[in-house]
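J.: just the structure for this:
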Amino acid sequence: VNVEKYMNFVGKRSLIMITSRGCPYSCTFCNSYKSWGRQFRKRSADSILEEVDLLIKNYAVEDILFVDDNMTIDKKRFMAIANGLKCRDITWSTVNVSSFNTDEEMLDAMKASGCHQISISVESAVDSTLKAIKKPVDLERTKEIVSYCRKIGIICRICYISGLPYDSKKDMLETFRYSEEVRGDWNQYSILVPYPGTDIFNFCHDNDYFIEKNLDLSKFTQRQGFLNAQNWDREWVKNVTYDYNIITNFL
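T.: A predicted model of the protein is given here:
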């Protein structure tokens, strides 16, 4: 493998690492627990730091993107990783940080160890929708986490899903308005992709929400949408998602 082909996606010599597998949660739209199971399986902090040292020595890596499903789920392990990274001359970022299991002590450790960006998945700001998709989110706590990250200088990307079949138009607009209140550094609005095998795929199939009977899986993207639900159609979702992306990220 020519590692150099994958090295510069953040403007530095950067590579991706995965330090754990499995997610104990049951979000109905997510295929992670279907693929990896619900048991959280983790590498030790020592093992991770050894790999970081190898990447620095062999490939002159300057930045690492951790793509675990939830890197902060085990605070003791996470703090050991962060404290170890502090001793290395490297920057890093991570996806899928949960606001309900991340605190200010962990954020301070992130900043001190070179973390420059995190992603928090909110998905929806509507309680009934969060319950339907089985997403554990504390909306007010998320605001606090984002505010604290802004204070200490960590970039926050906030992820939302539009086109959830449980949402009305009013619900989706409520989520968009929430995103304006949270004021993430970047708001990622993704139209639902109902992956086969997930609970939400089965729900959409059983309710005849798909726009096509014979789905071409190669066309599954987060920009197009594949559903016409009871309260909205695909084109409305595409248009309003595009509009809020422009409004909150570029204006």
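
J.: what distance do you get for Ser14 to Asp68?
T.: In this view, Ser14 and Asp68 are 16 Å apart by Cβ to Cβ, to the nearest Å. To be clear about C-beta, it is placed using only N, CA and C from the backbone, and glycine gets the same treatment.

J.: cool, and Gly37?
T.: For Gly37 relative to Asp68 (Cβ to Cβ), the value is 14 Å.

J.: now the strands: where do they sit in the stretch 1-150 of the chain?
T.: 14-17, 20-21, 41-42, 63-66, 91-97, 115-123 (DSSP state E, counting those that start in this stretch).

J.: what residues are up against Ser168?
T.: Asn231, Trp232 (Cβ atoms under 8 Å, 6 or more residues apart in numbering).

J.: pLDDT score for it?
T.: Ser168 carries a pLDDT score of 97 in this model.

J.: output the strands of the stretch 1-150 of the chain as CSV; include the columns distance to Leu227, mean pLDDT and mean neighbour count.
T.: Shown next, in CSV, are those (distance: least, Cβ to Cβ, whole Å; pLDDT from 0 to 100; neighbours: other Cβ atoms under 10 Å):
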stretch, distance to Leu227, mean pLDDT, mean neighbour count
strand 14-17, 31, 96, 16
strand 20-21, 30, 94, 18
strand 41-42, 33, 94, 13
strand 63-66, 31, 97, 20
strand 91-97, 24, 95, 21
strand 115-123, 16, 97, 21
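
J.: neighbour-wise, which of Gly37 and Asp68 wins?
T.: Taking other Cβ atoms under 10 Å, Gly37 and Asp68 do not tie; Asp68 has more neighbours (22 against 13).

J.: out of the strands of the stretch 1-150 of the chain, which comes closest to Asp206?
T.: Closest to Asp206 of the strands of the stretch 1-150 of the chain is strand 115-123 (Cβ to Cβ; 21.3 Å).

J.: ok, the closest one: who's next to it in the sheet?
T.: Strand pairing for strand 115-123, using DSSP bridges, gives strand 91-97 (parallel), strand 155-162 (parallel).

J.: just the CA coordinates of that strand, formatted as CSV?
T.: What follows is strand 115-123, C-alpha atoms only, in CSV (Å, rounded to 0.1, in the frame of the first residue of the first chain):
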residue,chain,number,x,y,z
CYS,A,115,-6.9,18.0,19.7
HIS,A,116,-8.2,20.6,17.2
GLN,A,117,-11.6,19.3,16.2
ILE,A,118,-14.4,17.0,17.4
SER,A,119,-17.7,15.9,15.9
ILE,A,120,-20.9,15.6,17.9
SER,A,121,-23.9,13.8,16.5
VAL,A,122,-27.2,15.4,17.6
GLU,A,123,-29.4,14.1,14.7
